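Undergrad: sequence first, predicted coordinates after that:
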Amino acid sequence: MKILRKKVEGDVFDYSFLMECLLKYKSPRSKVTHLLRSGEIIRVKKGLYIFGLEQRRSLVSLEILANQIYGPSYVSLEYALAFYGLIPEFVAEVTSVTTKRKKMYQTPIGRFSYTPIPVPLFSVGYTLLQMNQYGSALIATPEKALADLLYTRKLQIKTDSDLEDLLFDDLRLNEEGIKKMRIGVLHDILNSGGSPILSLLIDLIRRNK
């Protein structure tokens, strides 16, 4: 265990790395079983592990884990909106977008969901953020998190009034946060196949600048 803890900089590691660290044992798989039963390591999903509480060096970044559990993906939708303080509610499920099939993972440290969007739309509007001293995660910009939500919900919004009801009554978005959204980023997302509702959103932001 000491060798494993010394070699892993952060708290997340995969099966191949685990086997490499346990080469000196006659039966590495039996050692893995022992470490799991003792709680010294935790299996997040097949092939992906984190250290148990007593062995961790920091809080495990759910955003980093979300990127690693299923990919290609990046954190977006409700979780990203909460991450940026744009919605008041705590979001327990880590929501991401992907170019692959819809997926849901219930793990010992939380639930992770992945919603598919087209490749052109997936390719815009995300950034790499440092989550802790050991790693970074891909996460949608505030504009993209909202745009992805509008796209995946397939909403029929036709008027400015309908949009404001959606944003501020239904989603309870922070009005100041909406005003600060970058129109150029929203245009890029719209041109990549984003929801037509973005046109109304851009007009709304312009009126309130």
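TA: Nice, I can see it. Residues are numbered from 1 along each chain as shown.

Undergrad: who are the neighbours in contact with residue 46?
TA: Applying C-beta atoms under 8 Å, 6 or more residues apart in numbering to residue 46 gives the contacts residue 15. No exception for glycine: its C-beta is placed from N, CA and C like everyone else's.

Undergrad: correction: residue 208
TA: 178-179.

Undergrad: give me the pLDDT for it.
TA: For residue 208, the pLDDT comes out at 83.

Undergrad: just residue 122 next, same as before
TA: 98.

Undergrad: ok, the one 4 residues further on next?
TA: Each residue has a pLDDT score; the one for residue 126 is 98.

Undergrad: quick check: the residue positioned nearest the centre of the chain vs residue 22, distance?
TA: Centroid-nearest residue in the chain, with C-alpha atoms, centre = their mean: residue 75, separated by 2.2 Å. Look at residue 75 and residue 22: by C-beta to C-beta, to the nearest Å, they are 32 Å apart.

Undergrad: swap in residue 91?
TA: Look at residue 91 and residue 22: by C-beta to C-beta, they are 37 Å apart.

Undergrad: so these two - more neighbours on which side?
TA: More crowded of residue 91 and residue 22, by other C-beta atoms under 10 Å: residue 22, with 18 against 14.

Undergrad: who touches the more buried one in this structure?
TA: 4, 28, 31-32.

Undergrad: over to residue 76?
TA: Shown in contact with residue 76 (C-beta under 8 Å, 6+ apart): 95-97, 126, 139-140, 144-145, 148-149.

Undergrad: just those residues: which are in strands?
TA: 95-97, 126, 139-140 (DSSP state E).

Undergrad: JSON lines please, covering those residues and showing neighbour count and distance to residue 18.
TA: Formatted as JSON lines, the ones in strands among the contacts of residue 76 follow (neighbours: other C-beta atoms under 10 Å; distance: C-beta to C-beta, whole Å):
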{"residue": "95", "neighbour count": "24", "distance to residue 18": "28"}
{"residue": "96", "neighbour count": "29", "distance to residue 18": "24"}
{"residue": "97", "neighbour count": "27", "distance to residue 18": "29"}
{"residue": "126", "neighbour count": "20", "distance to residue 18": "29"}
{"residue": "139", "neighbour count": "24", "distance to residue 18": "27"}
{"residue": "140", "neighbour count": "29", "distance to residue 18": "31"}
